[in-house]
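Undergrad: generate a structure from the sequence data that follows.
(one chain, ligands or ions: 1)
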Amino acid sequence: MAKWRGAILLCTLLLTACTVETVQPKEQIQEEKNDENIVVTKDGKITFEIKNEIGVPQEKVEAIKDEIVTAYDHIKDSIHTSYTPSEHINVWFKEDGLSWGVASKIELTGVNEDIYPLVHEMTHSLLGYGNNFESDHGYFTQEGFASYMEEQYGKKEQFSFEKFMKHYLDSDKLIPISKLIDPNQDDVYFRPALSSEEQNRVLMEMSYTHAASFVKYLIDTYGLEKFEHIYNEKELAQKLEEVYGKSSSELEKDWLAFIQQQQGFTHEEKLKSGFFYDMNTILLQIDPKYFAKE
Ligand SMILES: [Zn+2]
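TA: The predicted structure is shown next:
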């Protein structure tokens, strides 16, 4: 699942009337209709089928088909996992809700607004997530890496993960990594169920940003190969120590020292962002226990 991207935007669908001049057999029409929504990866291994149920113009569908082929190559060139992806993956365009990606199905929202997290969800579907797309192996490396890949190869976000992290650090609103990788506590952060929907959205977004920034730091500092050994691993705290020779709290300390040196939001960025003050107001309302070290 990709983090929630701001408020749900209302969109106007362009409904184009079409005139069929010659009568074609039903099957032929069906086949042509399917063809234009199907894209096969260059290696021929996977077929993606677009289910455009919100009437996105074909021109945009074609552009997204190209993006799928390119994203597939980037993901295949990243880390290798033991997971064998589905040979056929349906990509549904949806009006609202959250985007997500499982074995043979991806749901994307924000297509009309150009904020759909295609690379993020494809990373889940192609590299695997838990045993069978469940949270039994946690969320941290899977969501962190999917967000990292989206940042590298997908739609460009307005602000970097580091900028958000610097803000959380300066505001004393850091979520301890030990909690984000704890199987008994991770649901609270990655799938929050507080009484306030707004607070759920912000806490979830923060968890994703922590994971993404930490994963990016690990990859930039120690390389993709080492990261490959911790991706989707069950005993993550133990695995981190094994692979990096440092405990998760030591790695967290190093990462935060790096964040400390980053540039936070400037006054102008806060004003122009269109979300900063709303986000921050909600952030300050969240019970501080979620940010406590123990
Ligand atoms: Zn995700």
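
Undergrad: count of neighbours near the closest residue to S171 other than its chain neighbours?
TA: Using CB to CB, 6 or more residues apart in numbering and skipping residues adjacent in sequence, the residue nearest S171 is L283, 7.3 Å away. For every residue, glycine as well, the C-beta is placed using N, CA and C. L283 has 19 neighbouring residues, counting by other CB atoms under 10 Å.

Undergrad: which secondary structure elements does the host helix or strand of L283 contact?
TA: Using DSSP states H and E, the secondary-structure element containing L283 is helix 276-285. Packing partners of helix 276-285 (3 or more CB pairs under 8 Å, 6 or more residues apart in numbering; DSSP states H and E): helix 197-222, helix 267-273.

Undergrad: and the residue nearest to S171, how close does it get to S135?
TA: The gap separating L283 from S135 is 24 Å, by CB to CB, to the nearest Å.

Undergrad: F291 versus F265, what's the distance?
TA: 19 Å.

Undergrad: contact partners for T141?
TA: T141 makes contacts with A211, V215, F227, I230, Y231, N232, E233, L236, as judged by CB atoms under 8 Å, 6 or more residues apart in numbering.

Undergrad: most surrounded residue in these?
TA: That'd be A211 among the contacts of T141, by other CB under 10 Å, with 30 neighbours.

Undergrad: for that residue, which non-adjacent residue is spatially closest?
TA: Here the residue nearest A211, using CB to CB, 6+ apart, is G144, at 3.4 Å.

Undergrad: what about the one you found, which helix or strand?
TA: helix 140-153.

Undergrad: what's downstream of that helix, the next helix or strand?
TA: Taking DSSP H and E, what comes next after helix 140-153 is helix 161-170.

Undergrad: tell me the pLDDT of the residue of the chain with the smallest separation from the ion.
TA: Using CB to the ion, M1 is the residue of the chain that sits closest to the ion, at 4.0 Å. For M1, the pLDDT comes out at 73.

Undergrad: and the gap between it and Q185?
TA: 18 Å.

Undergrad: in terms of neighbours, single out the busier of these two.
TA: Using other CB under 10 Å, the more surrounded residue of M1 and Q185 is M1, with 22 against 15.

Undergrad: once you drop chain neighbours, what's closest to that one?
TA: In space, and not counting its chain neighbours, M1 is closest to W100: 4.4 Å by CB to CB, 6+ apart.

Undergrad: can you report phi and psi for that neighbour?
TA: phi -160, psi 160 (degrees, to the nearest 10).

Undergrad: export the helix holding L283 as CSV, just CAs?
TA: Provided in CSV are the C-alpha atoms of helix 276-285 (Å, rounded to 0.1, in the frame of the first residue of the first chain):
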residue,chain,number,x,y,z
PHE,A,276,2.2,21.6,5.8
TYR,A,277,0.2,23.5,8.5
ASP,A,278,-2.8,21.2,8.3
MET,A,279,-0.5,18.2,8.6
ASN,A,280,1.4,19.7,11.5
THR,A,281,-1.7,20.6,13.4
ILE,A,282,-2.9,17.0,13.2
LEU,A,283,0.6,15.7,14.1
LEU,A,284,0.6,17.8,17.3
GLN,A,285,-2.8,16.2,18.3
